[in-house]
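J.: What would the 3D arrangement of this be:
(one chain, ligands or ions: 2)
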Amino acid sequence: MKEGRIIKALSGFFYVQDNKSVVVCKGRGILKKRGITPITGDWVKYSIINEQLKEGVVEEVLPRKNEMLRPPLSNLDQILAVFSVKEPIPNFVLLDRILLRAEMQRYQIGVCFNKIDLEDKETFDGILSGYEKIGYPVFFISAKSGDGIASLRNFLAGNTTALAGASGVGKSSLINKLYPSFELKTGKISEKIQRGKHTTRFTELLWADEDTWIADTPGFSTLNASDLKYEEVKRYFKEFLALESSCRFLSCLHLKEPGCSIKKAVSDGEIMEHRYKNYQNIVEEIKSDRRYC
Ligand SMILES: Nc1nc2c(ncn2[C@@H]2O[C@H](COP(=O)(O)OP(=O)(O)OP(=O)(O)O)[C@@H](O)[C@H]2O)c(=O)[nH]1
Ligand SMILES: [Zn+2]
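T.: Ligands and ions are numbered 1, 2, ... in the order given. Got it, this is the predicted structure:
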């Protein structure tokens, strides 16, 4: 039996990448009986049914290192949050939610700001070095000019990385700059809507080289309130962890409690205020959703 990786799952077909060829497979009936649904990112054993037409059957799904549900994707190493410095300006609410989700699932994380050809980097210096201070690698790049692409390529090499970020920040352009052979369609958002098609609707895993894979995840959603308890949110704001042992109460949620070292760090400018606000909002959101459960 051969081995490959599912790069796309669509209408009951699994597209299996095996070195340079892609074999279109159905799933063996036994998988369904066992309750196994192959998903994008899975390493599988498969057999060829028609060599010429490159058709086959998935026989077995190899054990998953991890998996996420929205969108379905397995064996992921890291998340690259992609934003642009302008057109559109960075949405830090979204960024913090992506980081929270990635922390929860224990992925490595990188943050990338694209389109630096449009805006002075200094405009965002404070905030961006703030994320570096938390411990996230931050990349300033221009998919247009190629600035910063080399260090990003290093970050991606040898890993399976999902790109997460809003529409129009330049994810497709970035992938094309990194790996020109993919030739992903790009365009202005309005043009895409006019043409009535969104170029990246399903998750597709792109094989960049030997062990480097990139997932373009259009539906990468952030958390649902039901995914975690409000008391747990603080664990995933990494910069809180080093300081919270100084809070007066062990169970401090850093909200209204007296003697809170996190609130002090916010007023001292050690913790970014917008991060703290996003934290408060997420906690509130989870609490209020609960009432309706
Ligand atoms: N000036 C500038 N424009 C860029 C850069 N990268 C991308 N763009 C433009 O931004 C627009 C959106 O780029 P895409 O690559 O389609 O963005 P995307 O994130 O893939 O968007 P979706 O497919 O909707 O998710 C296009 O008009 C690109 O030409 C950049 O580094 N600089
Ligand atoms: Zn506290």
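
J.: Name the nearest residue to residue 66, ignoring sequence neighbours.
T.: Nearest residue to residue 66, sequence neighbours excluded (Cβ to Cβ, 6 or more residues apart in numbering): residue 76, at 6.3 Å. In this view, the C-beta of every residue, glycine as well, is placed from N, C-alpha and C.

J.: what about that neighbour, how many neighbours?
T.: 24 (other Cβ atoms under 10 Å).

J.: my read: it touches residue 40, true?
T.: No. Counting by Cβ atoms under 8 Å, residue 76 stays clear of residue 40, with 10.0 Å between them.

J.: who touches both of those two?
T.: residue 215 (Cβ atoms under 8 Å, 6 or more residues apart in numbering).

J.: Now do the helices in the stretch 51-200 of the chain.
T.: 92-104, 125-134, 149-156, 171-178, 189-194 (DSSP state H, counting those that start in this stretch).

J.: For residue 252, report the pLDDT, please.
T.: The model reports residue 252 with a pLDDT of 97.

J.: What's the end-to-end length of stretch 156-166?
T.: 20 Å (Cα to Cα, to the nearest Å).

J.: what's it in contact with?
T.: 41, 73, 75-83, 88, 91, 94, 98, 102, 107-108, 110, 155, 171, 174-175, 178, 205, 208-209, 211-217, 220.

J.: Quick one: buried ones out of the residues you listed?
T.: 41, 73, 75-83, 94, 98, 102, 107, 110, 155, 171, 174-175, 178, 205, 208, 212-217, 220 (16 or more other Cβ atoms under 10 Å).

J.: thinking again about what came up before, give me every residue that touches the residue nearest to residue 66.
T.: 41, 66, 68, 107, 160-162, 215.

J.: Lowest pLDDT pick from the residues you listed?
T.: For those, the pLDDT minimum is residue 68, 90.

J.: quick revisit: confidence-wise, which of the helices of the stretch 51-200 of the chain is weakest overall?
T.: Taking the mean pLDDT of those, helix 189-194 comes last: a mean of 44.

J.: ok, then the element right after that one?
T.: strand 204-209 (DSSP states H and E).

J.: ok and that following strand relative to helix 149-156, angle-wise?
T.: Per axes from the mean of the first three to the mean of the last three Cα atoms, to 10 degrees, the angle that strand 204-209 makes with helix 149-156 is 100 degrees.

J.: Which strands or helices does strand 204-209 pack on?
T.: strand 2-10, strand 212-216 (3 or more Cβ pairs under 8 Å, 6 or more residues apart in numbering; DSSP states H and E).

J.: And stretch 269-278, how far out from the chain middle?
T.: Mean-position distance between stretch 269-278 and its chain equals 22 Å (Cα atoms, centre = their mean, to the nearest Å).

J.: How about it and ligand 2, any contact?
T.: No. With Cβ under 5 Å from the ion as the criterion, ligand 2 is not reached by stretch 269-278; the gap is at least 10.7 Å.

J.: List the buried residues of that stretch.
T.: 271-272, 275-276, 278.

J.: Distance check, residue 282 against residue 272.
T.: 15 Å (Cβ to Cβ, to the nearest Å).

J.: what sits opposite the nearest residue to residue 4 once chain neighbours are set aside in the beta ladder?
T.: Nearest residue to residue 4, sequence neighbours excluded (Cβ to Cβ, 6+ apart): residue 18, at 3.5 Å. Counting by DSSP bridges, residue 18 forms beta bridges with residue 21.

J.: can you tell me which residues contact residue 18?
T.: 2-5, 46.

J.: And those residues, which is closest to residue 143?
T.: residue 5 (25.7 Å; Cβ to Cβ).

J.: Am I right that that closest one is in contact with residue 41?
T.: Yes. In this structure, residue 5 is within contact of residue 41 by Cβ under 8 Å, at 7.1 Å.

J.: which intervals of the protein have sub-threshold pLDDT?
T.: In the predicted model of the chain, residues 185-201, 218-219, 221-226, 290-293 satisfy pLDDT under 70.
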